[in-house]
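Novice: fold the following.
(chains A, B, C and D)
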There are 2 protein chains.
Amino acid sequence: MQGFFQRYLSLYRPLITRLNELMSTYELSYSLWQVIFYIKNNGPSTLVDIANQYNVEKPTITRRVQRLEDLQIVKQIPGIDRREKVIQLTEIGEEVYQACRKEITDLENRVMDGIANEEQMITFQTLPKIQGNIMKGDGRKSE
Amino acid sequence: MQGFFQRYLSLYRPLITRLNELMSTYELSYSLWQVIFYIKNNGPSTLVDIANQYNVEKPTITRRVQRLEDLQIVKQIPGIDRREKVIQLTEIGEEVYQACRKEITDLENRVMDGIANEEQMITFQTLPKIQGNIMKGDGRKSE
DNA sequence: GGTAACAGTTATCCATGGTAACTATTTTTT
DNA sequence: AAAAAATAGTTACCATGGATAACTGTTACC
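Specialist: From the prediction side, this is the model:
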């Protein structure tokens, strides 16, 4: 499938730019949205939970959470393990989630305009398979 | 198609990391590769040509080309319009192109492992349609 | 020949993410 | 139970990639 990477990657910048525009209304970006999305769908979570989910390092999540705390979108709740910082959505956070969720879903629909349902489904299913193949080949532990 | 963006975006970082690893052998990154690829396939080109192709600003391409000149992968050739900087692959550049082209194509094949040809084709065709929909909605000029 | 448009560069800034080194806890080992 | 190892999080610093604004030359237009 020669040229696949090019096609995949040339969509990235327009898409992420669009998403960030969309969320700038709430002083958010897609990277912050990921955190909101995660704790909304998985309940109160630690920074390590989130870092694992998105395959990024801990300091990256530390920063995202700090910004969300500044925006009063998340707050820390007491946990048993005092090493952990368990965070949760605030009420403001819930509202922001609902508003963004709607806008993102709308965009997801618009973006699929004129594309047959079957094609959408197949693309939807194929992307994670590709990701699996890439991450399988990572072979970090095999040294 | 709820959750599409998440699926699309979660593939980005593993993929670009993999590509950059692959090209670090040649002191390259994917962003530099794009320039090499463009002038290989379109012949001697100006910085504006390249910037237009990838929807990035001119200073971004200035930097990429400077680094490729340092690496002796591209060189400037004389043109009629003395404002323009027409660049072309050097002999070293040609060799690097061939080597990278091969490695990237190999990776493109590996990444599609276990995915039916039909699914590959549909995904391949769907991505640019989505991109079209996003960029259509940009409406920059319509103010 | 003067003005506008264009190609490219420089300087500066922003967003995102990585690594290394550290603190504070908890778990494991002995 | 004390020592060592592992874990969660933070801080400081750096790299990449891209944007904008302001600038220099050069060419096109009238």
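Novice: mind listing the strands for chain A?
Specialist: A:74-77, A:86-89 (DSSP state E).
Novice: using CSV, lay out those together with mean pLDDT.
Specialist: Formatted as CSV, the strands of chain A follow (pLDDT from 0 to 100):
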stretch, mean pLDDT
strand A:74-77, 97
strand A:86-89, 98
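Novice: check these for me and report the most buried one.
Specialist: For the strands of chain A, average neighbour numbers computed from mean count of other CB atoms under 10 Å in any protein chain shown are highest in strand A:86-89, which has a mean of 20. Yep, even glycine has a C-beta here, placed from its N, CA and C like the rest.
Novice: what residues does chain A have near DNA strand C?
Specialist: For chain A, the residues in contact with DNA strand C (CB under 7 Å from any atom of the strand) are A:20, A:29-32, A:55-57, A:59-60, A:63-64, A:80-83.
Novice: can you tell me which of these are buried?
Specialist: For the residues of chain A next to DNA strand C, a burial check counting by 16 or more other CB atoms under 10 Å in any protein chain shown picks out A:29-32, A:64.
Novice: among those, which pair sits farthest apart?
Specialist: A:30 and A:64 (10.9 Å; CB to CB).
Novice: got a pLDDT number for the residue lying closest to residue A:105 once chain neighbours are set aside?
Specialist: Spatial nearest neighbour of residue A:105, chain neighbours left out: residue B:2 (5.7 Å); criterion: CB to CB, 6 or more residues apart in numbering or on different chains. We have a pLDDT of 85 for residue B:2.
Novice: same check on residue A:142?
Specialist: On the pLDDT scale, residue A:142 gets 32.
Novice: state the distance from the most centrally placed residue in chain A to residue A:63.
Specialist: Most central in chain A under CA atoms, centre = their mean is residue A:34, positioned 2.9 Å from the mean C-alpha point. Using CB to CB, to the nearest Å, one gets 13 Å for the distance from residue A:34 to residue A:63.
Novice: what do you get for residue A:19?
Specialist: With CB to CB as the criterion, residue A:19 and residue A:63 are 19 Å apart.
Novice: kindly report the same for residue A:37.
Specialist: In terms of CB to CB, residue A:37 sits 17 Å off from residue A:63.
Novice: where are the low-confidence patches of chain A?
Specialist: A:138-143 (pLDDT under 70).
Novice: please redo it, this time with the cut-off set to 50
Specialist: A:139-143 (pLDDT under 50).
Novice: contact partners for residue A:85?
Specialist: A:46-47, A:65, A:76, A:79 (CB atoms under 8 Å, 6 or more residues apart in numbering or on different chains).
Novice: can we see that at 10 Å?
Specialist: Each residue near residue A:85 by CB atoms under 10 Å, 6 or more residues apart in numbering or on different chains is listed here: A:45-48, A:61-62, A:65, A:76-77, A:79.
Novice: please, where are all the helices along chain A?
Specialist: A:4-24, A:30-42, A:47-54, A:58-70, A:91-111, A:117-136 (DSSP state H).
Novice: what's the closest of the ones you listed to residue B:13?
Specialist: helix A:47-54 (8.1 Å).
Novice: run through who's touching that closest one.
Specialist: With CB under 10 Å, 6+ apart as the criterion, helix A:47-54 contacts A:31, A:34-35, A:37-39, A:42-43, A:45-46, A:56-62, A:64-65, A:83-87, B:9-10, B:13.
Novice: mind redoing it with 8 Å?
Specialist: Contacts of helix A:47-54 (CB under 8 Å, 6+ apart): A:34-35, A:38-39, A:42, A:57-58, A:60-62, A:64-65, A:84-85, A:87, B:10.
Novice: what about that helix and DNA strand D, touching?
Specialist: Yes. Using CB under 7 Å from any atom of the strand, we find that helix A:47-54 touches DNA strand D at A:47-48.
Novice: in that helix, which residues are buried?
Specialist: A:47, A:49-51, A:53-54.
Novice: picking that back up, closest one of the contacts of residue A:85 to residue A:134?
Specialist: residue A:61 (22.0 Å).
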